[in-house]
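Student: Here's a sequence, model it:
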Amino acid sequence: MQFSYGEQMPLRLLDEATFWKHQEYEHTIVIREIVPDLERKFVQELKEWESVLTKTHSQAVQLTETVVRSGNVAPPVVADEVLRLISFSLEQSGRFIKFLFEMLSLSHSVKKNPVAVAVIKHIIRESEYFIGIAQTICCQG
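Tutor: Presented below is the predicted three-dimensional model:
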């Protein structure tokens, strides 16, 4: 993976956000599928997460299109918007991770399903990876 993107750093960050927000969205579905008896509270929260993650993904796609239309170099106003979205995305992923840990500790349906526990822990690691890679790209940009 390259870390030196220069003027294309906003595009690189958006690529990561687009990919990982879609992943997190898919993870909400995976959890509901592998835990068919998941408590209603958690099912509802996962559906809410699905909705907000879709919105963030769409914003990242729209900003990507804006950057691409401007010759792959983000004007300062757009670069600021990208950084705001990335900051929000990182905070959102942190909240998603917190929710997943809450589900691991409070859901009886999850606790009795070793596959679900393993998958949710894997999902947490993936969201943590997004946070780490985005922070690394930001620091190097």
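Student: how deep is Ala118 tucked in, by neighbour count?
Tutor: Neighbour count for Ala118, taken as other Cβ atoms under 10 Å: 11. The way it works is simple: take the backbone N, C-alpha and C, and place the C-beta from them, glycine included.
Student: what do you get for Ser105?
Tutor: 9.
Student: That one and Gly132: what is the separation?
Tutor: With distances taken as Cβ to Cβ, to the nearest Å, Ser105 is found 23 Å from Gly132.
Student: do Asp80 as well
Tutor: In this structure, Asp80 and Gly132 are 23 Å apart, going by Cβ to Cβ.
Student: Next: Cys138.
Tutor: Counting by Cβ to Cβ, the gap from Cys138 to Gly132 is 11 Å.
Student: And these two? Which one has more around it.
Tutor: Comparing Cys138 with Gly132 by other Cβ under 10 Å, the one with more neighbours is Cys138, at 15 against 11.
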